[in-house]
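Engineer: any chance you can model this:
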Amino acid sequence: MTTTAPVADSRALGLAHYAARGVLERVLARHGSTFPQQVALRAAVTADAPQTPDDLVIQVQGSLKADPADIRATLDELLAEQLLVADGAHLRPTDAGRELLAAIGAETAPISARIGGGIPAEDLAAAGRVLALVAERANAELAALTV
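Structural biologist: Numbering: from 1, shown residues only. Here you go, the predicted structure:
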């Protein structure tokens, strides 16, 4: 008996994304955080140099495809919660912001290991190549639609 592998179409990719995001959002909720806040905070924490609010808006918009006004509201939330702090023209993560990301990472690491555990490395590499190509093409289509 042969089993046909499912095709990695847009629906399958979307279902995988929302399943994984659902897991992350449950963890984030336990820490009083949201997905956009986590993305923005991670961008600030992992940056090589201090970022201006405009820099962070551009980075987060590249990831989430969200409205810049919504991203600015998210940055304001992170400032109000003292997870980011204004330092002149730049926003810097606070120790509390770094600790929050570390706590979220520590909580999600074993879950991620269970989700991805046992998937052969060559399958993960192939999936990575396909997902990178899909993202590249979708970003190009999105750019064409916004012109």
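Engineer: run a quick neighbour tally on Arg92.
Structural biologist: 15 (other CB atoms under 10 Å). Where you see a C-beta, it was placed from the backbone N, CA and C, and this is true even at glycine.
Engineer: which other helices and strands contact the strand or helix carrying it?
Structural biologist: Here Arg92, judged by DSSP states H and E, is contained in strand 90-93. Contact here means 3 or more CB pairs under 8 Å, 6 or more residues apart in numbering; DSSP states H and E; on that basis strand 90-93 packs against helix 35-46, strand 84-87.
Engineer: who touches Leu41 in this structure?
Structural biologist: Residues counted as contacts of Leu41 (CB atoms under 8 Å, 6 or more residues apart in numbering) are Ser33, Leu78, Leu83, Leu84, Pro93, Gly97, Leu100, Leu101.
Engineer: and the helices and strands packed on strand 90-93, which is most packed in?
Structural biologist: helix 35-46 (a mean of 20; mean count of other CB atoms under 10 Å).
Engineer: avg pLDDT for that one?
Structural biologist: For helix 35-46, the mean per-residue pLDDT is 96.
Engineer: still on that earlier bit, can I get the helices and strands packed on strand 90-93 in CSV with distance to Leu145?
Structural biologist: Below are these laid out as CSV (distance: least, CB to CB, whole Å):
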stretch, distance to Leu145
helix 35-46, 22
strand 84-87, 31
